[in-house]
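Task: produce atomic coordinates for the following.
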Amino acid sequence: MTTPAQIDNLISALSQTQLQSDAFNEYAPGNADNAIRRANLGLYLRAMASRKPTALLLMEAPGYRGCRLTGVPVTSRRILLEGVTALDMFGREAGFRDVSDCGFERVYGEQSATIVWGALAEMRALPLIWNAFPFHPHRAGNSLSNRKPRQAELALGADFLRRLLAMWTFEQIIAVGNVAHELLNKGGIACHKVRHPANGGKNDFVAGLRALLAVV
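Numbers count the residues shown, from 1 in each chain. The predicted model follows:
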């Protein structure tokens with residue numbers, strides 16, 4: 001059983017992680033917006049602990065339109081604040097809060113988040129979602145950008161993944177895209193693979209997810 005203390009310890013470990021200048025720690029101390037993101041992640045993980053998910057959906061990394069702002073994997077401001085009614089997840093009424101990051105005022109939705117949560121809502125399925133690298137990798141000097149995590153960053157992500165797997169027991173683990181699949185394979189963790197929904201992969205992603213996830 002996943003405990004509140006385990007969740008708090010995980011978030012604390014995330015917040016203390018030091019990164020290169022072209023990666024952003026959205027949970028680091030000393031920033032009011034990061035405090036909101038830590039709280040949002042805590043709410044999400046506690047909600048998932050109460051749901052006892054049987055599947056893990058491992059994505060690649062936070063994007064600047066999603067987790068970079070909200071603190072919750074593959075979750076945009078739109079989803080966080082408006083909620084996913086079919087799954088009774090998120091929403092302001094559930095305590096999730098917005099941030100006021102300068103330069104991100106016009107960023108509200110994210111394509112991958114919309115596709116992922118839309119598919120899960122349609123299937124009434126609720127796996128735990130995590131990222132292979134749980135921080136935002138961006139191009140140097142441009143926070144409003146995304147880049148693929150480097151191998152050293154994925155090695156760091158593997159440490160947090162192992163910690164997560166010690167907190168939850170999953171019947172199946174689903175890698176979304178090549179980066180997540182490579183990380184799981186390197187760790188000797190059995191998994192299924194589906195296509196990442198970005199870059200025209202929506203239909204294949206949804207079909208692959210539908211074939212794997214049981215309806216809840």
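
helix/strand/coil for the most centrally placed residue in the chain?
Centroid-nearest residue in the chain, with C-alpha atoms, centre = their mean: residue 73, separated by 1.7 Å. At residue 73 the chain is in coil, as set by DSSP: H, G, I helix; E, B strand; the rest coil.

May I have the phi/psi pair for it?
With angles defined as degrees, to the nearest 10, residue 73 sits at phi -50, psi 130.

Show the model's pLDDT score for the residue lying farthest from the centre of the chain.
Most distant from the centre of the chain: residue 141, at 23.4 Å, with distances by C-alpha atoms, centre = their mean. Note for residue 141: predicted pLDDT of 94.

got the phi/psi numbers for it?
Here is the backbone geometry of residue 141 (degrees, to the nearest 10): phi 80, psi 0.

before we move on, back to that, now for the residue nearest to the centre of the chain: which residues touch it?
Residue 73 makes contact with 59, 62, 66-67, 129-131, 134, according to C-beta atoms under 8 Å, 6 or more residues apart in numbering. Glycine gets a C-beta too; all of them are placed from N, C-alpha and C.

circling back to that earlier point, quick check: closest non-adjacent residue to the residue farthest from the centre of the chain.
residue 22 (8.0 Å; C-beta to C-beta, 6 or more residues apart in numbering).

Would you check how far apart that neighbour and residue 153 are?
Separation of residue 22 from residue 153 (C-beta to C-beta, to the nearest Å): 10 Å.

With neighbour numbers in mind, choose between those two.
The neighbour comparison of residue 22 against residue 153 (other C-beta atoms under 10 Å) goes to residue 153, with 21 against 17.
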